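Peer 1: below is the structure, and that's it, no one-letter string:
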């Protein structure tokens, strides 16, 4: 027969592994989901940070490359200008020499000179700023297309803006080198307040001791180079949201993807949330370079997006060069990564579910098999336990019977001691009455007294029998009893023996009530006192037994000690074991203290402690054993 608890245990063994696997699978799934979300968020942050970092590096590199290109272009501007004007002067010299060579034998000097002047006078270059001039070694102006009225005049004392005699310097150089470059400073027609750097190239025209030359303001040629640079930059724009922008230090837009903004004040831009950003750009450009983040509307949209641009200053041109990227472009990358992570997550979940299902089925089969095996084992084990319980119950019954027989033996001795005196009184009185009757000396008064003595002794014998009968009562019913009354009953049952052994009781009884099995408790106390009595047999006077009772909160404490010298420490922990005794085989059974502990611990839910102590009596100290009993006091009493 399988009991309810065993069935439950078998069910637990059967269903716990699958439930455990399913639970673990759910927990792992939840964990993976949370980890997936966590990883996704980390990936988003990582992608965004990496995107921003990569694009920062990218726009910085592009702006720096453009800046380096412009710097190199600037460095070659003067060289290009010199090559430009040198080639032009070579062209003019070639034209003049051809005219001279073709006409020197047929025409006069004056005619040839006029033909040369006419050929060169109207030639213009460098966006019509460039022209040729001719001077003689006598400082006479032969050709000056921009000031015809000065032709034929002397330029001997002609000075540039810095006061240098320019014509003298040119002629000196030509005489020495035949040709060469010369730099001077001269005001521009539209601005006569300051001098501008001008580079000229001159070559000796030997047939007439002339020098033919031209000059170009560096700033004018540089403006042309700037236009070329801006034209070059316009070809570097892949789309309208990925472009360079260039401002000057006056915040005028020099280049932008939107043509309508070019050569307009930067403040006219409407796709910025805050136009003060140009002040920050200008400040950063003048400091060198750096990143600026702001709100900007991409081309073709109506919403402001976050944009980060790298700004670098081109100091000698007064330019602010920049290029940026939109943070929101990273959203597509994040979306792609999210889909990738979700796909991986789904695959992981599917793998877990498949594995969990297989494991669940396998474990379910194993658990069913194990539960069947356990069921058989339980049945077998239960039989063994029942056999053990039966044997143990039988052994306990034997011990109990032995304890009762020992107690009965003790009680029979006690009864004999208790009855000896009253029986002696009855015998003596009866014998006296018989003798007095024989001698006719039995009067009524003596008869009455004798009958009264016999009656009192008989009543005492009856009370004694009743006390012992109550002690041996087999009904086990828990009652409330007074601790003081209990000890009075103990002394009634055992008093004669202790008097015969001249044992003195030192009592300190605090009166309180206990709830439990009264007769079993009396038996336990008698067992303890009997052990103390037997231990005191070989002790010279005084033979002492100390009894004290106390109550603290809900615990009752009974202490019984003697002055018999105590128990050997090596065996003190064994004295409550069944059949263990230190007495002679004729006196000890070894079950008295064992049954006492059974009654106190199992039947009355208390505890029992045995130890050696020092006791004091009439200013003398003695060594002895002490047994302490602690019992719970019922709260309802």
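Peer 2: All right, it came through fine. Since this is a predicted model, take the numbers as computed values, not measurements. Numbering: from 1, shown residues only.
Peer 1: Three-state assignment for residue 78, please.
Peer 2: Three-state assignment for residue 78 (DSSP: H, G, I helix; E, B strand; the rest coil): helix.
Peer 1: near it, how many other residues are there?
Peer 2: Using other CB atoms under 10 Å, the number of residues around residue 78 comes to 16. To be clear about C-beta, it is placed using only N, CA and C from the backbone, and glycine gets the same treatment.
Peer 1: please apply the same query to the one 3 residues further on.
Peer 2: Under the neighbour criterion other CB under 10 Å, residue 81 is assigned a count of 22.
Peer 1: residues contacting it?
Peer 2: Residues near residue 81 by CB atoms under 8 Å, 6 or more residues apart in numbering: 199, 216, 218, 221.
Peer 1: would you list the residues you listed in CSV and tack on pLDDT, secondary structure and neighbour count?
Peer 2: Output for these, formatted as CSV (pLDDT from 0 to 100; DSSP: H, G, I helix; E, B strand; the rest coil; neighbours: other CB atoms under 10 Å):
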residue, pLDDT, secondary structure, neighbour count
199, 93, strand, 19
216, 91, strand, 24
218, 87, helix, 16
221, 85, helix, 23
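Peer 1: ok, those vs residue 304, which is closest?
Peer 2: residue 221 (42.0 Å; CB to CB).
Peer 1: quick one: the closest one from residue 125, how far?
Peer 2: 11 Å (CB to CB, to the nearest Å).
Peer 1: what touches both of the two?
Peer 2: With CB under 8 Å, 6+ apart as the test, residue 221 and residue 125 both reach residue 84.
Peer 1: which residue comes closest to residue 55 once chain neighbours are left out?
Peer 2: Leaving aside its chain neighbours, residue 55 sits nearest to residue 325 (4.2 Å; criterion: CB to CB, 6 or more residues apart in numbering).
Peer 1: pairing partners for the helix or strand containing the one you found, with directions?
Peer 2: Assessed by DSSP states H and E, residue 325 sits inside strand 319-326. Partners of strand 319-326 in the sheet, by DSSP bridges, are strand 244-248 (antiparallel), strand 305-314 (antiparallel).
Peer 1: avg pLDDT for the last one?
Peer 2: Summarised as a single mean, pLDDT over strand 305-314 is 90.
Peer 1: and if you look at stretch 255-269?
Peer 2: Stretch 255-269 shows a mean pLDDT of 74.
Peer 1: just stretch 33-47 next, same as before
Peer 2: In the prediction, stretch 33-47 has an average pLDDT of 76.
Peer 1: that older thread, now do the contacts for the residue nearest to residue 55.
Peer 2: Contact analysis of residue 325 by CB under 8 Å, 6+ apart lists 55, 58-59, 242, 307-309.
Peer 1: how many neighbours does the residue nearest to residue 145 when sequence neighbours are not counted have?
Peer 2: Among residues not flanking residue 145 along the chain, residue 131 sits closest, at 4.8 Å (CB to CB, 6+ apart). Using other CB under 10 Å, residue 131 has 21 neighbouring residues.
Peer 1: against residue 178, how distant is residue 131?
Peer 2: For residue 131, the distance to residue 178 - CB to CB - is 22 Å.
Peer 1: residue 187: which element?
Peer 2: strand 179-188.
Peer 1: quick one: distance of that strand to the chain centre.
Peer 2: Offset of strand 179-188 from its chain centre (CA atoms, centre = their mean, to the nearest Å): 76 Å.
Peer 1: which stretches of the stretch 151-300 of the chain form helices?
Peer 2: 166-177, 218-234, 277-287 (DSSP state H, counting those that start in this stretch).
Peer 1: would TSV of these with distance to residue 265 be doable?
Peer 2: Output for those, formatted as TSV (distance: least, CB to CB, whole Å):
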stretch	distance to residue 265
helix 166-177	40
helix 218-234	17
helix 277-287	9
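Peer 1: just the buried ones from the contacts of residue 325?
Peer 2: 55, 59, 242, 307-309 (16 or more other CB atoms under 10 Å).
Peer 1: now do the helices in the stretch 451-600 of the chain.
Peer 2: 483-500, 518-535, 592-597.
Peer 1: among those, which comes closest to residue 20?
Peer 2: Taking the helices of the stretch 451-600 of the chain one by one with CB to CB, helix 592-597 is closest: 44.1 Å.
Peer 1: which strands or helices does the next helix or strand along the chain from that closest one pack on?
Peer 2: Downstream of helix 592-597, the first helix or strand assigned by DSSP H and E is strand 607-617. Counting contacts by 3 or more CB pairs under 8 Å, 6 or more residues apart in numbering; DSSP states H and E, strand 607-617 packs against strand 543-552, strand 555-562, strand 620-632.
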